[in-house]
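>>> Predicted structure and sequence below. I'll ask about it afterward.
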Amino acid sequence: VLGLLVWALIADTTYYLHAAYGWVMFVSIFFWIVTVLFFVTYLLQLQLRFYVIPWPLVLMIFNAAATVLYVTAFITCAAAVQPTSWRQWDYNRRAAASFFACLTMITYGVSTFFSFRAWKGLGSNAATSQVTDHA
């Protein structure tokens, strides 16, 4: 949802006049679409059919890449905001897009942390990790 807000706020401005906003648009659109595809995959439990794919690792790599690229998109978007914009509403929307890009970056960072823990198996149940075979 946050990436969609970044996308909508930038798309509602004259982003095509500034090359920096093309990068922000690419990052927000690409990761929004891929996130929706992962959501549908998990919603329909398609990961159970493709059991060969290490889904926790794939999800961790995706979240880490999204975090890094959203860092660059946030910095680009925040640096390109000019208070002396030609149109005042462009400034407001670009500033809001920078804010939501920062929130999206933080959200993907937190998701990276949790997907890393899931990949490593940290936070598993203590009862299942203490099972021993006594015969």
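Looks like it arrived, so ask away. Numbering: from 1, shown residues only.
>>> what residue ranges in the chain score low on pLDDT?
Residue ranges of the chain with pLDDT under 70: 84-88, 123-135.
>>> Tell me how it divides into domains.
Listed by the TED database, the domain ranges of the chain are 1-50, 89-130.
>>> any chance of these in TSV, plus mean neighbour count and distance to residue 65?
All C-beta atoms are positioned from the backbone trio N, CA, C, and that covers glycine. Formatted as TSV, the domains of the chain follow (neighbours: other Cβ atoms under 10 Å; distance: least, Cβ to Cβ, whole Å):
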stretch	mean neighbour count	distance to residue 65
domain 1-50	16	9
domain 89-130	16	9
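>>> Distance to residue 69 added to those, as TSV?
Compiled in TSV, these are given as follows (distance: least, Cβ to Cβ, whole Å):
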stretch	distance to residue 69
domain 1-50	5
domain 89-130	9
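>>> Of all these, which one is nearest residue 59?
When the domains of the chain are compared by Cβ to Cβ, domain 89-130 sits nearest residue 59, at 4.7 Å.
>>> from the chain's centre, how far out does the closest one sit?
7 Å (Cα atoms, centre = their mean, to the nearest Å).
>>> With adjacent residues omitted, what lies nearest to residue 101?
Spatial nearest neighbour of residue 101, chain neighbours left out: residue 74 (4.2 Å); criterion: Cβ to Cβ, 6 or more residues apart in numbering.
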